[in-house]
Each structure stands twice: as structure tokens, then as C-alpha cells.
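Undergrad: missing the sequence, but the structure's below:
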DNA sequence: TATTGTTATACTCTATAACTATA
DNA sequence: TATAGTTATAGAGTATAACAATA
């Protein structure tokens, strides 16, 4: 579709939007999400699956409710994600013997392998998306986003300890 | 809901996710989008309406197709947005007399007033969301996001000229 | 009666594609 | 035949709420 000759069409976002950090954050966040989804899809998984496996790898025996809370997912949504992971053989659900309403979720050996693959994929995506930035700029960006995350993402609050320690 | 005593539940995102700038960008972008939507909703509008009015304020006579292209919206989606703006009296559609398939979109005086209000709202939202950052850090963040935007957001490409000029 | 996990439902957002009127 | 705008449809993603089992 070539630009019409009878009218000088606008070529992109208005300047006043581009000069808003929040606007850029929203658009870039959506773009990053879309690109991630597509990339994970080629691996037959979703970023959510990666988050679940990464959480399980932290060593704590997690019930479904705890997983949903830690990742900020709806518990109904989590059921389907765990179904998929279980079908793929990456996790197992095991009933808690002392409280039979609860199910612990355990990662299997092949789940650990999948996690490794997902880690590499995640690193590639970071690398690709942040390619325009130098290493120093990437560190800057991460530090700034972390500050915002601690204020705005309830599930990032605990990082206060981490960032203080590192 | 208090944490159960029988199991040490995870309290938030896994560290490996938090250490990814892309992960934080995605989550913060979604949060920012949600908060913006809610705030604009109280004003009876959407961020998209602001984008459209801001574009029209740049002075060029825009057809609907040009608006959709400039903002990256689906043309079918734009129809509804313009309907709402027109119902509110903020824009008018006027047929192009030389090519009667086309409609120019013009902002009305009360549309200009609405734009002023939306600008104030947008500034407030930026201020509120970036509150954890100093002025210098906000500039840093904006510069970094702009670099990424020029690489990843097609409709931000033109800013190369702007940022070089400023 | 409250809680864990499951299922069903509905609602938003978006993408696609059919449709009209004009060219 | 192709294009500008409109309308209709379908899909993904998400949130809500009803439900069964257990406490």
C-alpha cells in the first residue's frame, strides 16, 4: 500500500506520546509479550510454563494454590497450564496425604530438561530484544525496571532483600 | 488468606525471572496498561482516544486509513473508536469531495478541550507510575526505552529525526 | 462452614474476513 | 478490479462464579 499523493499522511505516533516513558513502556511491554509468546509457541510451550517450572526449581514443595499466588495467576487458569505440563511429562501432581484437598506439584527429570531449554530460549529473547543497548545500558535498564517493579508488582516485593544482597 | 503453617510457600516470582529485563518489561507494561485503562475509563475514554486526538492535533488532515496506520490500529477497530469520539462531539467525519470513499476526521473545539484534559491525565499517570525514580532516572529510562522503541515499534521509527534534533 | 482444586461461563480485546460504496 | 470504510464473526486471553471433595 503506497501513500496517497493527495494527502500528507501521518507517519507514526504523535510526538507527545513518544515523549511519555509510560507510553513507550506499555507499547514495548506488549510487543515483548507478543514476541515471547510466538517464540515459546514454537517450542510448544508458553512463558507461563517457564515461570511455573522456574518456580518449582527453587526447591520448595508447592501446592497449586501457592503457585498461583506466587506467580499472580488465576487458580482456574493454572489448572489448564498444569494439565499441559503434566501431559508433556514435565510435572506430576501428588495429593497431600495430611490434607487431601491439596496437591503438591513436582517437577520431573524431563521437566528439568525442558526448564534448561526454556532458560536458553529466555536468554536468547532477552539478548535479541535488548540488542540495541550496550551491556552497561542493559544493566541500567534492569535496575530502573526493578525499582518500578518493586513499587508496582506485588510479586516482586521480596526482591528488596535480593537487590540489597547482590 | 494467611499462609499455611504446614508448607513454606513461595512468596513471589522466581529470581531468575526477576533478573530478566524482558520479564520486568512485560509485566510492568501490562500493569501500566491496566492502570491506564482504569484511569481513562473514569474519564469515560480510553488511551486510544487520547492517541487519536493527539494525532489529529498535529495539524494534518487525516483520513481514517491514515490514522489507523499511524497508530498501528486495526481499521475495523478504529471505526468504533471514532464512533465513540463522534458521539461525544470530539471529532467529525467529513467526506472527501474528490474521492468520496474517503473520510477526513476533524477535531472539534470540545475535542480540543478533551485533549487538554487527557494530556493532564497522561502526565499524572506518568508521574504516579514513575514516582520511585528521580528526574535523572526518568530521563535515563525514557532514553533507553526510546532506543528500544526505535528498533521494535515500527511507528516510532520517525523519531530518529526528533531525537537527533533535540 | 471454609478451603483446594476443578469446571463452566462470560466478557474483553483483537484479528480476520465478508460487505458497501465508490473509484 | 481495487480501495476506504463498515460490519460481522471468530479467536485468544482472562476474570468470575458455580461445583465437588475434603477439612
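TA: Thanks, I have it. Model, not experiment: these values are computed from the prediction. Residues are numbered from 1 along each chain as shown, chains lettered A, B, ... in the order given.

Undergrad: how much space between the residue lying closest to residue A:58 once chain neighbours are set aside and residue B:136?
TA: Spatial nearest neighbour of residue A:58, excluding adjacent residues (CB to CB, 6 or more residues apart in numbering or on different chains): residue B:14 at 5.6 Å. All C-beta atoms are positioned from the backbone trio N, CA, C, and that covers glycine. Look at residue B:14 and residue B:136: by CB to CB, to the nearest Å, they are 31 Å apart.

Undergrad: and if you look at residue A:94?
TA: When residue A:94 is compared with residue B:136 (using CB to CB), they lie 52 Å apart.

Undergrad: Same drill for the two, tell me which one is more crowded.
TA: Under the criterion of other CB atoms under 10 Å in any protein chain shown, the comparison of residue A:94 against residue B:136 puts residue A:94 first, with 12 against 8.

Undergrad: Pretty sure that one sits against residue A:107.
TA: No: counting by CB atoms under 8 Å, residue A:94 stays clear of residue A:107, with 11.6 Å between them.

Undergrad: Spit out the contact partners of residue A:20.
TA: Going by CB atoms under 8 Å, 6 or more residues apart in numbering or on different chains, residue A:20 touches B:122, B:126.

Undergrad: again, only this time at 10 Å
TA: Contact analysis of residue A:20 by CB atoms under 10 Å, 6 or more residues apart in numbering or on different chains lists A:13, A:26, B:119, B:122-123, B:125-126, B:130, B:142, B:145.

Undergrad: ok, of the residues you listed, which one's closest to DNA strand C?
TA: residue A:26 (10.1 Å; CB to the nearest atom of the strand).

Undergrad: For chain B, what is the nearest residue in chain A?
TA: residue A:29 (1.3 Å; CB to the nearest CB).

Undergrad: Stretch A:45-59: which residues count as buried?
TA: Within stretch A:45-59, the residues scored as buried using 16 or more other CB atoms under 10 Å in any protein chain shown are A:45, A:47-57.

Undergrad: just to revisit the earlier point, and the residue of chain A closest to chain B, what is it in contact with?
TA: B:22, B:24-33, B:145.

Undergrad: 8 Å instead?
TA: Residues in contact with residue A:29 (CB under 8 Å, 6+ apart) are B:25-30, B:32-33.

Undergrad: Among these, which one lies nearest to residue B:89?
TA: residue B:33 (27.1 Å; CB to CB).

Undergrad: The closest residue to that closest one other than its chain neighbours: which element?
TA: The spatially closest residue to residue B:33, leaving aside those adjacent along the chain, is residue A:26, at 4.8 Å (CB to CB, 6+ apart). In the assignment (DSSP states H and E), residue A:26 maps to helix A:21-42.

Undergrad: can you tell if the helix or strand following that helix touches DNA strand C?
TA: Downstream of helix A:21-42, the next assigned helix or strand under DSSP H and E is helix A:47-56. No: applying CB under 7 Å from any atom of the strand, one finds helix A:47-56 out of contact with DNA strand C, separated by at least 12.4 Å.

Undergrad: average pLDDT for helix A:47-56?
TA: Helix A:47-56 shows an average pLDDT of 96 in the prediction.

Undergrad: For chain B, tell me whether it is touching it.
TA: Yes: with CB under 8 Å from any CB of the partner chain as the measure, helix A:47-56 is seen reaching chain B through A:47, A:51, A:54-55.

Undergrad: Let me know the angle separating that helix from helix B:21-42.
TA: 120 degrees (axes from the mean of the first three to the mean of the last three CA atoms, to 10 degrees).

Undergrad: what residues does stretch A:61-74 touch?
TA: Against stretch A:61-74 from outside (CB under 8 Å, 6+ apart): A:48, A:51-52, A:55-56, A:60, A:75, A:77-79, A:81-82, A:93, A:96, A:102-106, A:154-155, B:7, B:9-13.

Undergrad: all strands of chain A, in order?
TA: Using DSSP state E, the strands found in chain A span residues A:62-63, A:91-95, A:103-107.

Undergrad: so of those strands, which one's packed in deepest?
TA: strand A:62-63 (a mean of 22; mean count of other CB atoms under 10 Å in any protein chain shown).
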